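Q: I'll drop the sequence and a predicted model, then ask my questions.
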Amino acid sequence: MRKALSRLTKEEFVVQTKWFSIPDGVNLLAQSHAPKRKLRQSLQRLGLKYVDIYLVHGHIHPSTIATVAKGLAECVRDGLTRLCRCREL
């Protein structure tokens with residue numbers, strides 16, 4: 001995907017990725033920071049500075065909705081995504 005995206009300018013496509021709160025170390029121990037950490041990992045794999053849409057995927061989370069919302073707000077504030085959406089809450 002990185003190779004295909006490198007042929008286009010960022011204005012020519014929309015990138016959406018998702019965060020699924022599986023019970024791993026990051027999601028359990030750093031709950032409010034987990035969305036941001038996971039998004040940074042996705043950005044590194046994609047070779048991008050930001051994505052257009054960041055989805056919360058799934059409805060089972062080890063933390064409260066307020067905690068998840070705080071983490072998503074950090075992603076927007078830090079310019080890692082333009083928009084956050086919840087898919088199945």
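A: Ah, there it is. Numbering: from 1, shown residues only.
Q: helix or strand right after the lowest-mean-pLDDT helix or strand in the chain?
A: Within the chain, no helix or strand scores below helix 25-29, which has a mean of 61 by mean pLDDT, DSSP states H and E. Using DSSP states H and E, the next helix or strand after helix 25-29 towards the C-terminus is helix 34-46.
Q: Check which helices and strands that next one sits against.
A: Judged by 3 or more C-beta pairs under 8 Å, 6 or more residues apart in numbering; DSSP states H and E, helix 34-46 is in contact with helix 2-5, strand 16-20, helix 25-29, strand 51-57, helix 65-77. Every C-beta, even on glycine, is put in place using the N, C-alpha and C of the backbone.
Q: quick one: buried residues of that helix?
A: Ala34, Pro35, Lys36, Lys38, Leu39, Ser42, Leu43 (16 or more other C-beta atoms under 10 Å).
Q: Mean pLDDT lowest where, among the helices and strands packed on helix 34-46?
A: Here the lowest mean pLDDT among the helices and strands packed on helix 34-46 goes to helix 25-29, at a mean of 61.
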